[in-house]
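Asker: let me see the structure of the following:
(one chain, ligands or ions: 3)
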Amino acid sequence: MASDLAAEIKAHAHQVLGFDLVGITTADLLPGAAHLAQWVAAGAHGDMGYMAETAHLRGDPHHLLPEARSVVCVAMSYHTGPEPPELDPGHRRAVVARYARRKDYHTVIRRRLVRLGRFVGERAPGARWRPAVDTAPLLEKELAQRAGLGWIGKNTCLINRRLGSELLLGELVTSLALPPDQPETDHCGTCTACLHACPTRAFDRPGRLDARRCISYLTIEHHGPLPEALLPALRPHLFGCDVCQAVCPWNRHAPPPCSQALATRVPLGELTVDSLDGLGEAGWRAISAGTPLRRLDYPRLRRNLFAIATDSPGVRPKPNG
Ligand code: B12
Ligand code: SF4
Ligand code: SF4
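Answerer: Ligands and ions are numbered 1, 2, ... in the order given. Here you go, the predicted structure:
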């Protein structure tokens, strides 16, 4: 029976593969694709060309797997305790977003999804499946919301009532028809903490983020010079930003992750402008290897370092080292 198989898949994903959250939804079209189209039309994606090029695909899992009938949504937590690094007053800190202080989640989650796919293949011979993590053209948060993993908050992140929002998402798209879970409902209520805390005022309305103003976009995705007007707000964020999640009440009591797969890597939580300024390109490659930081090439590391060192005491690095 499909419900027995769904229960087996969930148990395997939790107990054997160590996913913190698992839920199932259908492979039906995602209505949020219309919002994505508007977002791209408004230019809010900045120079993330891949978002514009694949916008027409993201609302339909059948583009990934034509026989798709269900999507198994998974999440891994990287919450490691109440330590909002962006509240650190030290101007010399070069803060790396918490998701990036560890092994690259693309690798960790993809490997486990492949194992989940093989499990599905053993239990239901002939079933087709395809793993997806971040880079596949899918609206991952909307799928996860529909699979009951959490809701999309005013800060645009997927939030789970128990685990908060420090979650990384993945999916197994499959040809199996599995019974879907109930979608999660909104639990932001009247709270607006994230909207007020954002250092660059990147939300143009609750639940809508203009990536061009977001520190995460500017420090990780954006190529070219950083906008002068936003430079003061960037400090001390070297790579990514956690402010709109750090202030979210749903992250206050989240338990630490079950899995050690995403354990923090020393010294990615304690980098400083000075320690990074002394690094050559080979040094940066060694520090960033195997982590999401690898996305930042050396010239852009220098660009970000220059931006967060401006007006701070001591040596001021030059953009090109
Ligand atoms: C592009 C992208 C970014 C961009 C844009 C972020 C954004 N909010 O869209 C930038 C570079 C800024 C970014 C930053 C971050 N990202 Co990112 N990113 C993505 C990516 C690749 C696509 C997201 C997307 O489709 N955006 C398009 C916009 C339009 O979508 P949206 O704002 O979510 O809107 C949806 C709904 O809210 C709804 N909607 C929108 N407007 C409206 C209006 C109304 C009226 C209604 C009813 C609905 C509605 O429809 C939309 C479609 O579903 C996903 C991976 C994936 N394949 O999905 C990861 C992903 C969202 N990122 C992730 C992470 C971890 C981050 C950061 C936390 C990293 C960091 N610490 O720096 C930050 C968080 C910043 C933030 N507040 O969102 C995780 C999020 C996990 C989670 N708990 O939500 C994802 C899912 C990757 C993953 N596999 O784990 N990211
Ligand atoms: S990640 Fe930082 S800059 Fe981006 S919306 Fe959240 S608080 Fe604002
Ligand atoms: S800070 Fe408040 S409004 Fe923002 S996502 Fe969290 S609960 Fe929702």
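Asker: contacts and neighbour counts: CA atoms only from here.
Answerer: Noted.
Asker: surely Arg213 meets Asp204?
Answerer: No. Using C-alpha atoms under 8 Å as the test, Arg213 is too far from Asp204 to be in contact (9.8 Å).
Asker: the more surrounded of the two?
Answerer: Applying other C-alpha atoms under 10 Å to Arg213 and Asp204 shows that Arg213 carries more neighbours, namely 21 against 12.
Asker: how close does the more buried one get to Arg112?
Answerer: 34 Å (C-alpha to C-alpha, to the nearest Å).
Asker: could you do Ala132 as well?
Answerer: Counting by C-alpha to C-alpha, the gap from Ala132 to Arg112 is 11 Å.
Asker: looking at the two, which is more packed in?
Answerer: Using other C-alpha under 10 Å as the criterion, Ala132 and Arg112 rank with Ala132 on top: 21 against 18.
Asker: okay, and the beta partners of that one?
Answerer: Glu171 (DSSP bridges).
Asker: my guess is it meets Leu172, correct?
Answerer: Yes. Using C-alpha under 8 Å, Ala132 is in contact with Leu172, at 6.3 Å.
Asker: mind checking pLDDT for His253?
Answerer: Looking at His253, its pLDDT reads 87.
Asker: that should have said Gly90, apologies.
Answerer: On pLDDT, Gly90 comes in at 53.
Asker: surely Val96 is in contact with His237?
Answerer: Yes. Between Val96 and His237 there is a contact at 6.5 Å, judged by C-alpha under 8 Å.
Asker: nearest residue to Tyr298 in space, please, no chain neighbours.
Answerer: Once flanking residues are discounted, Tyr298 sits nearest to Glu281: 5.9 Å by C-alpha to C-alpha, 6 or more residues apart in numbering.
Asker: local confidence estimate at that neighbour?
Answerer: Predicted confidence (pLDDT) for Glu281: 96.
Asker: burial of it, as a residue count?
Answerer: Using other C-alpha under 10 Å: Glu281 sits among 14 other residues.
Asker: next one: Phe239
Answerer: For Phe239, using other C-alpha under 10 Å, the count is 26.
Asker: OK, contacts around it?
Answerer: Applying C-alpha atoms under 8 Å, 6 or more residues apart in numbering to Phe239 gives the contacts Val95, Val96, Ala97, Ser216, Thr219, Ile220, Leu293, Asn304.
Asker: what are the phi and psi angles of it?
Answerer: phi -150, psi 110 (degrees, to the nearest 10).
Asker: so what's it bridging to?
Answerer: Going by DSSP bridges, Phe239 forms beta bridges with Val96.
Asker: and it, how close does it get to ligand 2?
Answerer: Going from Phe239 to ligand 2 by C-alpha to the nearest ligand atom, to the nearest Å gives 10 Å.
Asker: among the contacts of Phe239, which ones lie close to ligand 2?
Answerer: Ser216 (C-alpha under 6 Å from any ligand atom).
Asker: and the contacts of Phe239, which is closest to Thr26?
Answerer: Ser216 (30.9 Å; C-alpha to C-alpha).
Asker: where does that closest one land in three-state SS?
Answerer: helix (DSSP: H, G, I helix; E, B strand; the rest coil).
Asker: low-confidence stretches in the stretch 1-150 of the chain?
Answerer: Filtered on pLDDT under 70, the stretch 1-150 of the chain yields the residue ranges 82-91.
Asker: contact residues of it facing ligand 1?
Answerer: 32-33, 35-36, 39, 97, 99, 133-142.
Asker: now those: which count as buried?
Answerer: 33, 36, 39, 97, 99, 133-134, 136-142 (16 or more other C-alpha atoms under 10 Å).
Asker: how about the residue of the stretch 51-200 of the chain found nearest ligand 2: what's its closest non-neighbour residue?
Answerer: Here the stretch 51-200 of the chain gets closest to ligand 2 at one residue, Cys198, 3.7 Å apart by C-alpha to the nearest ligand atom. With C-alpha to C-alpha, 6+ apart as the criterion, Cys198 has its nearest non-adjacent residue at 5.9 Å, and that residue is Cys244.
Asker: so that neighbour sits in a strand?
Answerer: No. If the criterion is three-state DSSP, then Cys244 is helix and not within a strand.
Asker: what about it, distance to ligand 1?
Answerer: 6 Å.
Asker: repeat for Glu171
Answerer: Counting by C-alpha to the nearest ligand atom, the gap from Glu171 to ligand 1 is 9 Å.
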